[in-house]
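>>> Below are the sequence and a predicted model; questions follow.
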Amino acid sequence: MKSLAELAEIRERMKSKVVLREGGNEIRVVVGMATCGIAAGARPVLNAFVEGVNRESLTDKVTVTQTGCIGICQYEPVVEVFQAGKEKVTYVEMTAEKAEKVLQEHIKGGRVVEEYTITHAKKA
Amino acid sequence: MIRAQVLCCGGTGCSSSGSAKIQAAFQSEIEKQGLTEEVKVVQTGCFGLCALGPVVIIYPDGTFYSKIKPENVPEIVSEHLLKGRPVERLVYKEGAEVKADENGEIHVSLSDTTFYKSQQRIALRNCGVINPESIDEYIAMDGYRALGKALTEMTPDQVIETVLASGLRGRGGAGFPTGMKWKFASGNRGNVQKYVCCNADEGDPGAFMDRSVLEGDPHAVVEAMAIAGYAIGADQGYVYVRAEYPIAVKRLQIAIDQAKEYGLLGKNIFGTGFNFDLGIRLGAGAFVCGEETALMTSIEGKRGEPRPRPPFPAIKGLFESPTILNNVETYANIPQIILKGAEWFSSIGTEKSKGTKVFALGGKIKNTGLVEVPMGTTLRHIIEEIGGGIPNGKKFKAAQTGGPSGGCIPASLIDTQIDYDNLLAIGSMMGSGGLIVMDEDNCMVDIARFFLDFTVDESCGKCTPCRVGTRRLLEILDKIISGNGEMEDLDRLEELSNYIKSASLCGLGQTAPNPVLSTLRYFRDEYIAHIVDKKCPAGVCKKLIRYEIDPEKCIGCGMCAKNCPASTIVRTDYTAPGHKLASMKIEQANCVKCGACMNNCKFHAITKG
């Protein structure tokens, strides 16, 4: 080890690999992964979120997990975003591309992508 | 991209309950279900709940699975890791407030359970969290940052001042201030050869905190020893570890090799010109080698025997050079103290005992395992809350701390706040942290005899008070438990104990009578019952118990006779009113007091007295 900078570099590189074990993040992205969700294509959605969160170095703020059937199978894949002090946002009929947009606009930007939400889908 | 991690405990406790198979099962099942890109299996050190092994924890949710069998693995992978539904019946949730989440699903995190809630983990902070065989994971958890800080921002004296100000005391048992030890050895830096040693010769029956740290977070010890080397001006360290700890030895060696490869051990660390190297020396399991002078003699390659102090090791230690020796758990606290400061550390604990202490819970307690609590936590809290209480509805009788050097704390003192000074005041000692819980079925004379038997075996024989004195003590105890004791024996025990304490050469002998003295102090009535009534109230001492069959209750089924290994149960010619067969009777002369007859009698016709 030549320098402290080198140590810091390893620490930063490895941080994302262990940060999962710390928990308690402010934003929770939950992907419905019951049989219905998986059949409708929830796995690429889940993976898109996991990859996006890592790519954007948001691992210390955002936790991505899965959940079971929420009961609205016709709208799967369903993704819910929980944030302390804010209302839950439910996104429906998600795809990997839509996931990217939610990540950029909602998770990073703080603006809910209205057109993908369940309220929007029900109105349509 | 990895989205979930399966942490499998690879500590000694879980290894013996089959964790290797579980880990392999997860690996193959995850492959089978096509999740290798998303889920990673990591082997870690001890989580602490050894009674429930093998244990597995799944992140990011922190779900804690206990007593996993290989056949449970496919279900966990498909339900939890794929579909996100924890397999609730396998989740450990003792004491946790069970809350359903937004979707009505139940998630219980390990940190919510009673066992973990009131623990504060400093020495064990990485145990069960990181892969102990990966230096990168240790670095990710701020590893080696303390060493970097010490070498580049602090002078050696500042390091010592910080350790002094933190109030850290030796976790090996005696509780000597660590900073003071370092200060004594710090003179004449750079001009004389000095050594830094680590005592990992954990020998107390029932204690396994040092093993768990070495197995779960070996780099913490490596880093701390390098910091100690910088502080006192030593360039060589040795870890003296028992050969009976194969997993700990292996992981420590891996850690040392990795640290060398990264240049965190060796020459010119962090480009500061500081050199430090570390080696492992294996002990062969002699209890006396946990004593500092004997340990150093053993590292030198000689027979492990203590020598008189002074001179203390800080002046003349290993190879006659100034040496510091600290325990594994003590070292595990050092990097955190350097990083977070003395004030942070000294804000935890009691006035004279700072920080936390790791205890190995054992004996008659539900959650046998490893816990770390702030100093000053009451014994009641550790036993009843964290430990889950005494199993089978039995009553708490006493707790033994400090192993063969410690003493028994009776139920009346269960609200004692545990720290170094309080334990000494009630006739026990902190010791390395073994905490053995006893219930009403334990005989205190027998317990004292058990520990004494151990010290008699382990006495190195160099000094007479210990070699001869402990044996005489044991003989008196044997006399009492076989029903031949006299009241004068109690005075003899006390007198001899005090001679051994004051005249023995090293800590082994000086503390060996403690189990006798403390049981005499708190459980004198039990000794008297053995001597005067010739009875063992707990029904343990074989020569003083007697099994009897009540002829009125005995239906004559003969199950007792069938199970008697000594064939000493015969049929009488008495048939109780209402029974068809003649009752049975124990011929006392050949009875081996095993209790098999009583355990096999469905009619409660046999009594022990």
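Everything's here; your move.
>>> Can you list the residue ranges for strands in the stretch 401-550 of chain B?
With DSSP state E, counting those that start in this stretch, the ranges of strands along the stretch 401-550 of chain B come out as B:407-410, B:434-439, B:547-549.
>>> Can you say which of these is nearest to chain A?
Chain A lies closest, by Cβ to the nearest Cβ, to one member of the strands of the stretch 401-550 of chain B: strand B:434-439, at 27.9 Å. (C-beta placed from N, C-alpha, C; glycine too.)
>>> rewinding a little: quick one, which of the strands of the stretch 401-550 of chain B gets closest to B:Gly18.
In terms of Cβ to Cβ, the element of those nearest to B:Gly18 is strand B:434-439, at 25.1 Å.
>>> mean confidence for that closest one?
Average pLDDT, strand B:434-439: 93.
>>> what's the spacing between that strand and its chain's center?
11 Å (Cα atoms, centre = their mean, to the nearest Å).
>>> then it to CSV, C-alphas only?
C-alpha atoms of strand B:434-439 as CSV (Å, rounded to 0.1, in the frame of the first residue of the first chain):
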residue,chain,number,x,y,z
GLY,B,434,-17.2,-16.8,29.8
LEU,B,435,-20.6,-16.6,31.5
ILE,B,436,-21.9,-19.9,32.6
VAL,B,437,-25.5,-19.9,33.8
MET,B,438,-26.6,-22.5,36.4
ASP,B,439,-30.0,-23.5,37.6
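>>> Return the list of helices and strands in contact with that strand.
If contacts are counted by 3 or more Cβ pairs under 8 Å, 6 or more residues apart in numbering or on different chains; DSSP states H and E, strand B:434-439 sits against strand B:356-363, strand B:396-401.
>>> near chain A, which residues of chain B show up?
By the rule Cβ under 8 Å from any Cβ of the partner chain, the part of chain B lying against chain A is B:1-5, B:7, B:37-38, B:59-62, B:82-85, B:101-103, B:105, B:109, B:129-130, B:136-137, B:139-142, B:144-145, B:148, B:152, B:262-264, B:269-271.
>>> Could you dump the helices and strands packed on strand B:434-439 into TSV and include mean neighbour count and mean pLDDT?
Converted to TSV, the helices and strands packed on strand B:434-439 look like this (neighbours: other Cβ atoms under 10 Å in any protein chain shown; pLDDT from 0 to 100):
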stretch	mean neighbour count	mean pLDDT
strand B:356-363	25	93
strand B:396-401	25	94
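>>> would you list these in a markdown table and tack on distance to A:Leu7?
As requested, the helices and strands packed on strand B:434-439 are exported to a markdown table (distance: least, Cβ to Cβ, whole Å):
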| stretch | distance to A:Leu7 |
| --- | --- |
| strand B:356-363 | 27 |
| strand B:396-401 | 39 |
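>>> Which one, of the ones you listed, ends up nearest to B:Cys50?
Closest to B:Cys50 of these is strand B:356-363 (Cβ to Cβ; 8.9 Å).
>>> can you give me the mean pLDDT across the helix or strand following that closest one?
Going down the chain from strand B:356-363, the next helix or strand is strand B:369-374, by DSSP states H and E. Across strand B:369-374, the average pLDDT comes to 92.
>>> try stretch B:554-572
Here stretch B:554-572 scores 93 as its mean pLDDT.
>>> Using CSV, write out every CA atom in it.
Output in CSV follows, covering the C-alpha atoms of stretch B:554-572 (Å, rounded to 0.1, in the frame of the first residue of the first chain):
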residue,chain,number,x,y,z
CYS,B,554,-45.0,-49.3,41.4
ILE,B,555,-47.3,-51.3,39.0
GLY,B,556,-44.5,-53.8,38.5
CYS,B,557,-44.1,-53.2,34.7
GLY,B,558,-40.3,-53.9,35.0
MET,B,559,-39.2,-51.0,32.7
CYS,B,560,-36.8,-49.9,35.4
ALA,B,561,-35.1,-53.3,35.6
LYS,B,562,-34.9,-53.5,31.8
ASN,B,563,-33.1,-50.2,31.6
CYS,B,564,-30.8,-50.7,34.6
PRO,B,565,-27.2,-51.0,33.4
ALA,B,566,-26.1,-52.5,36.7
SER,B,567,-28.9,-55.1,36.8
THR,B,568,-29.6,-54.2,40.3
ILE,B,569,-33.4,-53.9,40.3
VAL,B,570,-35.3,-57.0,41.4
ARG,B,571,-38.9,-57.9,41.8
THR,B,572,-40.3,-58.1,45.4
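>>> Now do the buried residues in it.
Neighbour-count burial for stretch B:554-572, counted by 16 or more other Cβ atoms under 10 Å in any protein chain shown, picks out B:554-557, B:559-561, B:564, B:568-569.
>>> what about the helices in chain A?
A:4-18, A:35-39, A:42-55, A:96-102, A:118-123 (DSSP state H).
>>> and B:Leu490, which of those is closest to it?
Nearest to B:Leu490 among the helices of chain A is helix A:4-18; the distance by Cβ to Cβ comes to 57.7 Å.
>>> quick one, what contacts residue 31?
Using chain A here. By Cβ atoms under 8 Å, 6 or more residues apart in numbering or on different chains, the contact set of A:Val31 is A:37, A:42, A:45-46, A:49, A:64-67, A:77-79, B:84.
>>> Narrow those residues to just the buried residues.
Looks like those have A:37, A:42, A:45-46, A:49, A:64-67, A:77-79, B:84 buried, using 16+ other Cβ under 10 Å.
>>> Now B:Leu81. Nearest residue, chain neighbours left out?
B:Val39 (5.3 Å; Cβ to Cβ, 6 or more residues apart in numbering or on different chains).
>>> And for the one you found, the neighbour number?
Burial measure for B:Val39: 22 neighbouring residues, criterion other Cβ atoms under 10 Å in any protein chain shown.
>>> on that earlier part again, out of the strands of the stretch 401-550 of chain B, which one sits most buried?
Burial of these is given as mean neighbour count (mean count of other Cβ atoms under 10 Å in any protein chain shown); strand B:407-410 ranks first at a mean of 26.
>>> Can you tell me, leaving aside adjacent residues, what's nearest to whatever residue of chain B ends up closest to chain A?
Residue of chain B nearest chain A, by Cβ to the nearest Cβ: B:Gly84 (2.9 Å). Distances taken as Cβ to Cβ, 6+ apart put A:Gln66 closest to B:Gly84, at 2.9 Å, once the chain neighbours are dropped.
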